[in-house]
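Visitor: Just the structure for this:
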Amino acid sequence: MHHTRFLIPTDSRPTATLSSDKEDVFTGDRVTLSCTVESPGWMFYWYKHRPDSTPVTTTSGYSYTLRWVSVSDGGQYWCRAGRGDPVYYTLYSDPVQLNITERPVAVLTLQPNWTQIFSGETVTMRCDIQGGGDTDWNYRWYKNSPVGILFNTKPEYRISPVYWSNSGSYTCEGVKGSKLSMTSDAVQLTVSDQPKAVLSIFPQWMNPGDSVMLSCEVDKTSTDWRFSWYRTVPYRAGLPSLSDKSYSLQPLSDNVTTEDSYTLIPAGPTPTGGYVCRAGRGDPVYDTLYSEPQFLWSGDLQPSVSLTVNPNTTQHFTSTSLSLSCEEKGNSTGWRLMSYRERRVKSGCVSNWGSIAGSTCTIIYTYTWYSGVFWCESGSGEYSNAVNITVNDGDVILESPVHPVTERDSVTLCCKYWTLKSNFKADFYKNGVLIKNETTGEMTIPTVSKSDEGFYKCKSGEGESPESWVTVRVSPVVSPGSSASVLVGVVVGLLVAGVLLVILLVLLVRYQNSKGETFTMSHLMENVLLRLEQKCLNRNR
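Guide: The predicted model follows:
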């Protein structure tokens, strides 16, 4: 029996082998495909999606590189080789899947997210990979990239405390094997010196019963502050104090607020004195420097001590003498004269000014830089009335009351020329508006009212004085039962004045007769005018 053999033809062509250096890549990466055949001399044909489609490209070498790939470059790839004419092709390779996804984005955030960071604070930078799938990432940190690489592989980079040298531009990126995320946008870290709070008080001169507003300000570009409020007391070890130890600080009640203002409502003891603020933020709390002390003053006489000024006026010429005295009334001790000059609190009397005797400071020779607010302060923190003194190097000053004037009282303002000339023409101004022309150099308000309060100055042919503030206080209410006693007082006062006038006339007549001169009314007026200066000062005492 014979058997018939059937030969099944087989494809003896070689098979191409396709490989990729990467299979999962991000957009923007580079991928190289390699197609190998055992024998040489081949051209290589590259296909995407379908092997029987038109080649996407043909190369003489066995590799095909895709640069800056996009998502659309993903998919299946094949290759085969061919040579000769007509072309003899190898078999198609097995497919290779190329997966391309959008490159993850690194996002850098600064915590806390403040636009202004100060030396000594704590900052944390966090790098988050968005669209990165799992969390198996390491991290690279750059400062002023590409100059400096920070050796930290964690998602957070903490700087505590931060200093000026840490200022710079920071970026980060994620690293997973050979894959990198996109580099984050830069975050600028600017570190400034520790700030100092700035305190303001309004009004700075207190009227009885008025509320007073304290305002605390830090650098205007910084945020999230909480504010602390303090009253100054004489320096005591163990209490928080200013850096120069000029004062210690006692917290006010409810002394930490989220608001940058604090209202003092006078009740009980007078709130005159010094105040300080500072601000803090963050956790742990970072504090600013204390503000310079600011002062709330009162021109009213206080029960414990009074500041007296001699000559008794707020304005003084340069190169003259001036005495300031702390006159104690109560049991407080250790009074010292203080001043606020050139925007700083200072001792009110130093040895190179002149002489100190007890509680009196005598300035022998005044200069313009002695101008300022003066007051007396006790060892327990009590304050006297305050006096705003102006030392003027011009030719004219205005003599005005040191203390507030009470309604219905009389007040005289005197325009004084430095050569002691009297009886000269002067114009008087209130709040910059001309109110009176006087030929005697003085202006009298016989019955003062609250509307007379304001800034006063005078002008003459010799010059113009600085302005001085005249304070008017509401007169105390007199009970009906006391009206008779008031009337008696007025009558007695008039009688005394009349007697004194008669005595003065007699003395003047005797003086003139002793000189062998004939007494006339003109002589009397001449003597009166010579005493005009002292009359201005004495009238306002």
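Visitor: and residue 409, what does it touch?
Guide: By C-beta atoms under 8 Å, 6 or more residues apart in numbering, the contact list for residue 409 reads 447, 448, 475. In this view, the C-beta of every residue, glycine as well, is placed from N, C-alpha and C.
Visitor: swap in residue 94?
Guide: Shown in contact with residue 94 (C-beta under 8 Å, 6+ apart): 17, 18, 78.
Visitor: Local confidence estimate at the first one?
Guide: The reference is to residue 17. Here the pLDDT value assigned to residue 17 is 97.
Visitor: From residue 292, how far off is residue 242?
Guide: To residue 292, residue 242 is 8 Å away according to C-beta to C-beta, to the nearest Å.
Visitor: So these two - more neighbours on which side?
Guide: Neighbours were counted for residue 242 and for residue 292 using other C-beta atoms under 10 Å; residue 242 has more, 20 against 15.
Visitor: Just give me the neighbour total for the closest residue to that one other than its chain neighbours.
Guide: Using C-beta to C-beta, 6 or more residues apart in numbering and skipping residues adjacent in sequence, the residue nearest residue 242 is residue 290, 5.9 Å away. Residue 290: 20 surrounding residues under other C-beta under 10 Å.
Visitor: Then the one 4 residues further on?
Guide: In terms of burial, residue 294 registers 19 neighbours under the definition other C-beta under 10 Å.
Visitor: Which strand residues bridge it?
Guide: residue 275 (DSSP bridges).
Visitor: hang on, the earlier thing: CSV for the contacts of residue 409, including pLDDT, secondary structure and neighbour count?
Guide: As requested, those are exported to CSV (pLDDT from 0 to 100; DSSP: H, G, I helix; E, B strand; the rest coil; neighbours: other C-beta atoms under 10 Å):
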residue, pLDDT, secondary structure, neighbour count
447, 96, coil, 10
448, 96, coil, 20
475, 76, coil, 14
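Visitor: just those now: which is nearest residue 189?
Guide: residue 448 (61.6 Å; C-beta to C-beta).
Visitor: I'd say the closest one and residue 412 touch.
Guide: No. Using C-beta atoms under 8 Å, residue 448 is not in contact with residue 412, being 10.7 Å away.
Visitor: And this protein, what are its domain boundaries?
Guide: Following automatic domain parsing, one gets these domains for the chain: 17-101, 105-192, 198-296, 298-393, 394-475+518-541.
Visitor: What mean pLDDT does stretch 195-205 get?
Guide: Taken as a whole, stretch 195-205 carries a mean pLDDT of 94.
Visitor: ok, now stretch 379-386?
Guide: 87.
Visitor: Which residues in that stretch does the neighbour count mark as buried?
Guide: In terms of neighbour count (16 or more other C-beta atoms under 10 Å), stretch 379-386 has its buried residues at 381, 382, 383, 384, 385, 386.
Visitor: could the domains of the chain be laid out in a markdown table, adding distance to residue 11?
Guide: Listed next are the domains of the chain as a markdown table, based on distance: least, C-beta to C-beta, whole Å:
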| stretch | distance to residue 11 |
| --- | --- |
| domain 17-101 | 7 |
| domain 105-192 | 38 |
| domain 198-296 | 76 |
| domain 298-393 | 100 |
| domain 394-475+518-541 | 112 |
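Visitor: Find residues that contact each of residue 242 and residue 292.
Guide: Residues touching both residue 242 and residue 292 comprise residue 276, with contact defined as C-beta under 8 Å, 6+ apart.
Visitor: quick one on the thing from earlier: can you flag the weakest of the domains of the chain by average pLDDT?
Guide: domain 394-475+518-541 (a mean of 82).
Visitor: starting at the chain centroid, how far to that one?
Guide: Distance, stretch centre to chain centre, for domain 394-475+518-541: 41 Å (C-alpha atoms, centre = their mean, to the nearest Å).
Visitor: what's the answer for stretch 297-312, then?
Guide: Here stretch 297-312 is found 33 Å from its chain centre; the criterion is C-alpha atoms, centre = their mean.
Visitor: Need the CA coordinates for it. CSV is fine.
Guide: Taking C-alpha atoms only, stretch 297-312 is exported to CSV below (Å, rounded to 0.1, in the frame of the first residue of the first chain):
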residue,chain,number,x,y,z
TRP,A,297,-1.9,113.5,78.8
SER,A,298,-4.2,115.8,80.7
GLY,A,299,-3.7,119.5,81.3
ASP,A,300,-5.9,119.4,84.4
LEU,A,301,-4.4,119.6,87.9
GLN,A,302,-4.2,116.1,89.5
PRO,A,303,-4.8,115.3,93.2
SER,A,304,-1.3,113.8,93.8
VAL,A,305,1.0,116.3,92.2
SER,A,306,1.1,119.3,90.0
LEU,A,307,3.6,120.6,87.5
THR,A,308,4.2,124.3,87.8
VAL,A,309,6.1,126.4,85.3
ASN,A,310,7.9,129.7,85.9
PRO,A,311,7.4,132.0,83.9
ASN,A,312,3.8,130.8,84.0
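Visitor: Show only the entries of the contacts of residue 94 found in strands.
Guide: 17, 18, 78 (DSSP state E).
Visitor: ok, these vs residue 45, which is closest?
Guide: Closest approach to residue 45 among those (C-beta to C-beta): residue 78, at 8.8 Å.
Visitor: what is the closest one paired to in the beta sheet?
Guide: Applying DSSP bridges to residue 78, the residues it is bridged with are residue 47.
Visitor: what's the answer for residue 130, then?
Guide: Beta-bridge partners, per DSSP bridges, of residue 130: residue 105.
Visitor: ok, it - contacts?
Guide: So residue 130 contacts 104, 105, 106, 107 (C-beta under 8 Å, 6+ apart).
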